[in-house]
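Chemist: next comes the sequence, and after it the predicted model I'd like to discuss.
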Amino acid sequence: MSANESDKILDEKNSLHESLSKLSVNKDESDINDSNKAANLRDLEKKREDYLEWPEYFMAVAFLSAMRSKDPCTQVGACITDSNNRIVGVGYNGMPIGCSDEILPWGKTSSKPLENKYMYVCHAEMNAIMNKNSADLRGCKLYVALFPCNECAKLIIQAGIKEVVYMSDKHKSKPSTEASKMMLNMAGVKLQQFVPKNSKIVIDFKEIDWNISI
Ligand SMILES: Nc1ccn([C@H]2C[C@H](O)[C@@H](COP(=O)(O)O)O2)c(=O)n1
Ligand SMILES: [Zn+2]
C-alpha cells in the first residue's frame with residue numbers, strides 16, 4: 001500500500017470515529033432529556049412540597065390587602081384567622097367609611113393636627129376586626145405587617161384575639177408601642193415575630209400558562 005493510500009484510510013477512520021462519538025453525545029443528551037421528562041411526570045403524581053404554609057399564606061394575604069391602602073407613606077394590612085385556619089377578617093389602613101379620602105388629609109407634617117392623617121385613618125388591625133365575618137374573634141390570631149399601636153392593642157384585647165404575628169417592630173421605641181406591648185402582655189396575648197421562609201411571594205399573571213391575554 002502506498003503512503004497516500006494509507007493516509008486516506010487513516011483520515012476515513014478518524015472521521016468515522018468522530019461521527020460515532022458525536023452520535024454517542026447526542027444519545028447521552030437524549031437520555032438525560034428522557035430521564036428529566038420521566039422525573040417531571042413522576043412529580044405530577046406526587047403532592048407538591050413547595051406550597052405556601054399557613055403563616056406564609058396569611059402574612060401574604062395581609063401584605064396583599066395593604067396594597068389597597070391609599071396612604072402615600074405607610075401601607076399596612078392585617079389578616080385574622082380562626083383555630084381552623086379560616087380567614088375571618090382582613091383589613092388595611094384607610095379613611096373611615098363615608099369620609100372621603102379625596103378630602104381628608106394624607107400628610108403628616110402639618111403643625112395643625114387637624115391637617116394630618118393621624119386624626120382620621122383607621123388602622124389595618126381595626127379594619128380587620130370590624131370586617132370580621134364570624135360571630136366573634138375569641139381565640140383568633142392576627143397577622144399584621146407592623147406591630148400594633150396602643151389603640152389597636154385595646155381592640156385586639158377586647159375582641160379576644162389570643163395571638164399577634166407581626167412582621168416589623170420598627171417603632172419599638174415609641175411610647176405607643178411600649179404601651180401596646182404592656183397591655184398585650186398583661187392580657188396574655190402571645191406576640192410572635194414572623195420569620196419569612198420565602199423572601200419573595202410572586203403572582204405573575206403573565207407566567208401562568210392559562211391562555212390569559214395581558
Ligand atoms: N400597626 C399599624 C401601624 C400603622 N398603621 C397605619 C396608620 C397610618 O396610616 C400609618 C402610620 O403612618 P406613618 O407615620 O407610618 O406614616 O400606618 C396601621 O394601620 N397599623
Ligand atoms: Zn393601630
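Modeler: The structure has been received and is ready for your questions. Ligands and ions are numbered 1, 2, ... in the order given.
Chemist: find the nearest non-adjacent residue to residue 188, please.
Modeler: Distances taken as Cβ to Cβ, 6 or more residues apart in numbering place residue 162 nearest to residue 188, at 7.6 Å, with adjacent residues excluded. For every residue, glycine as well, the C-beta is placed using N, CA and C.
Chemist: okay, and the residue most central in space within the chain sits in which element?
Modeler: Closest residue to the average C-alpha location of the chain: residue 60 at 3.3 Å, with Cα atoms, centre = their mean. Residue 60 is part of helix 54-66, with elements assigned from DSSP states H and E.
Chemist: circling back: which pLDDT does the model give the residue nearest to the centre of the chain?
Modeler: Note on residue 60: pLDDT of 98.
Chemist: so it makes contact with residue 54?
Modeler: No: look at residue 60 against residue 54 with Cβ atoms under 8 Å: they stay out of range, at 10.6 Å.
Chemist: okay, now the unreliable bits of this protein?
Modeler: Residues of the chain that meet the criterion pLDDT under 70 lie in 1-4, 6, 9-10, 13, 16-17, 19-27, 211-212, 214.
Chemist: so how far is ligand 2 from residue 135?
Modeler: 24 Å (Cβ to the ion, to the nearest Å).
Chemist: this protein: helices as residue ranges?
Modeler: 3-43, 54-66, 124-130, 150-159, 175-186 (DSSP state H).
Chemist: show me how far the third one is from its chain's centre.
Modeler: The chain centroid and the centroid of helix 124-130 are separated by 19 Å under Cα atoms, centre = their mean, to the nearest Å.
Chemist: quick one: list the elements packing against the helix holding residue 60.
Modeler: strand 77-81, strand 87-92, helix 124-130, strand 141-146, strand 163-168 (3 or more Cβ pairs under 8 Å, 6 or more residues apart in numbering; DSSP states H and E).
Chemist: need the winner for burial among these.
Modeler: By mean neighbour count, with neighbours taken as mean count of other Cβ atoms under 10 Å, strand 77-81 ranks first of the helices and strands packed on helix 54-66 at a mean of 27.
Chemist: that one versus helix 150-159: what angle between them?
Modeler: In terms of direction (axes from the mean of the first three to the mean of the last three Cα atoms, to 10 degrees), strand 77-81 departs from helix 150-159 by 10 degrees.
Chemist: what helices or strands is strand 77-81 leaning on?
Modeler: helix 54-66, strand 87-92, helix 124-130, strand 141-146.
Chemist: so for ligand 2, which of the ones you listed sits nearest?
Modeler: Taking Cβ to the ion, helix 124-130 is the member of these nearest to ligand 2, at 5.5 Å.
Chemist: what residues does this protein put near ligand 2?
Modeler: Proximity of the chain to ligand 2 is confined to 123, 149, 152 under the rule Cβ under 5 Å from the ion.
Chemist: most neighbours, which of those?
Modeler: residue 152 (27 neighbours; other Cβ atoms under 10 Å).
Chemist: contacts only, for that residue.
Modeler: Residues in contact with residue 152 (Cβ atoms under 8 Å, 6 or more residues apart in numbering) are 123, 125-126, 180.
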